[in-house]
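*Asks:* please work out how this folds:
(4 chains)
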There are 2 protein chains.
Amino acid sequence: MSEVTRPGGTRAIARDAVRARISEVAVDLFDEHGFDNVTVEQIAATVGVSPRSVHRYFPAKEDTVIGDPAGWGEHVRDQLAARPSEEPIWDALLASYEALLATPGRSEVQGRKAMRVLGSTPALRARNLEKHLLWARLLVPVVAERLEGDYRTLRAETIVQASLACFDIALTAWAETDAADSAVELLRRSFGALQPTA
Amino acid sequence: MSEVTRPGGTRAIARDAVRARISEVAVDLFDEHGFDNVTVEQIAATVGVSPRSVHRYFPAKEDTVIGDPAGWGEHVRDQLAARPSEEPIWDALLASYEALLATPGRSEVQGRKAMRVLGSTPALRARNLEKHLLWARLLVPVVAERLEGDYRTLRAETIVQASLACFDIALTAWAETDAADSAVELLRRSFGALQPTA
DNA sequence: GCCTAATATGTCAGACTCTGCCACTTCTGG
DNA sequence: CCAGAAGTGGCAGAGTCTGACATATTAGGC
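*Replies:* Below you'll find the model as predicted:
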């Protein structure tokens, strides 16, 4: 997954290109040496900019891998809001995430590498999860509207966060080197783990 | 939730008391001024120790709020492993978390305050999620053993992460000032949100 | 093409978190 | 009482990150 494309002139294009380049270099270095063994200074030197500039493009070192998921959260929210209102909520969520996975972004090779890096360091993975909580804030009102009965917000929170866990687990599994399944197939598997079977 | 009680003589007792004191002071300061506005130096000064000592007791500043998750994760894992093997997995997980909540620890006031502080800052939330990952590593093998069929690890991961989300959401709701329900009641509500109703 | 305002960049100092090292202090238990 | 174990604080330094500021670059209007 890469950044949301924003129209804004040549400078915006240049900015996005610099961001992408820094991120690409960072992910490669992390993949090779481990996140904790690569400094911001090293990333900057490899790209050919100053550390100060790296920090201008990415608030934190982790964000060179994670990127800025905010735009994608809005995308999922919009997809979810557009689902038929009588559709079961789990089906609606699954379809919304699938639509997201169908959106062009990083190449498959780079995407897998980034996910592998993400899964290799607990702090990095946790920060990624924390960023995805932003998605929860966008999705919970939409889900709550489809629920009836007591504790609607609590239940909506639960369903949304469980679905985010499915998404994370599916992508993590997909990133494993020998994974033969597509990300969508694995997503369906993890969603299925929470469906009525008992 | 406080530290796991470990027999080990007077020194262990003293260590636990120092940890508890540092944590109490930290949570109070964070609650009053915000996590990012309170330095480790300030916590140390208020307690009457050096910053170096604070770092001896807590690997990271965030851990002054979160505590040591390893002991509690093992506790939950042990509770889960001791459940009857034919019990539905969701019931077994719920019972294990309930047993954890029944363990004496911080006072209710301090517990609520810590949960509120936990939810207030991205860095704290992320570190708390990292704790979830640690627990997951302990719980997934136990859950996977109770599953049959394909993709057992993926499904176990999903179930465990979803249950941890339930736990987190319940505690967060409980920490809200006007919450009238007990933490256990809220935990049952969030678990219920993932049970067959559709 | 020229010029100007807007934007981008690098240098620098400093704040904060965290770690390893070491000298010194405290304390437990035989 | 005493020795060894454990605890403490001071210190330097590494790494991340931020604000300030001077300088460089560039887009766009004329």
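
*Asks:* A:T158 is in contact with B:L194, isn't it?
*Replies:* Yes. Assessed by CB atoms under 8 Å, A:T158 is found in contact with B:L194 at 6.3 Å. Heads up, the C-betas are built off the backbone N, CA and C, glycines and all.

*Asks:* name the residues of the least confident helix or strand in chain A by mean pLDDT that are buried.
*Replies:* Lowest by mean pLDDT, DSSP states H and E among the helices and strands of chain A is helix A:108-120, with a mean of 90. Neighbour counts over helix A:108-120 (16 or more other CB atoms under 10 Å in any protein chain shown) mark A:Q110, A:G111, A:R112, A:K113, A:A114, A:M115, A:R116, A:V117, A:L118, A:G119, A:S120 as buried.

*Asks:* do I have it right that the fifth one meets A:S107?
*Replies:* Looking back up the chat, that one is A:A114. No. Between A:A114 and A:S107 there is no contact under CB under 8 Å: 10.3 Å.

*Asks:* okay, and the common contacts of those two?
*Replies:* Residues touching both A:A114 and A:S107 by CB atoms under 8 Å, 6 or more residues apart in numbering or on different chains: none at all.

*Asks:* circling back: show me which of A:T158 and B:L194 is the more surrounded one.
*Replies:* Each of A:T158 and B:L194 had its neighbours counted (other CB atoms under 10 Å in any protein chain shown), and the higher figure belongs to A:T158 (25 against 20).

*Asks:* secondary structure element for that one, which one?
*Replies:* Counting by DSSP states H and E, the element that carries A:T158 is helix A:152-175.

*Asks:* what is the rounded mean pLDDT of that helix?
*Replies:* Helix A:152-175 shows a mean pLDDT of 94.

*Asks:* ok, stretch A:29-44 next?
*Replies:* For stretch A:29-44, the mean per-residue pLDDT is 96.

*Asks:* report the buried residues of that stretch.
*Replies:* For stretch A:29-44, by 16+ other CB under 10 Å, it's A:L29, A:F30, A:D31, A:F35, A:V38, A:V40, A:I43, A:A44.

*Asks:* cross the residues you listed against helices and list the overlap.
*Replies:* Taking DSSP state H as the definition of helices, the buried residues of stretch A:29-44 contribute A:L29, A:F30, A:D31, A:V40, A:I43, A:A44.

*Asks:* surely the first one is in contact with A:D36?
*Replies:* By that I understand A:L29. No. Assessed by CB under 8 Å, A:L29 is found out of contact with A:D36, at 11.6 Å.

*Asks:* now the phi/psi pair for the residue nearest the centre of chain A, please.
*Replies:* Centroid-nearest residue in chain A, with CA atoms, centre = their mean: A:P69, separated by 5.8 Å. The phi/psi pair for A:P69 (degrees, to the nearest 10) reads phi -80, psi 0.

*Asks:* if anything else comes up later, I'll come back, but that's it for now.
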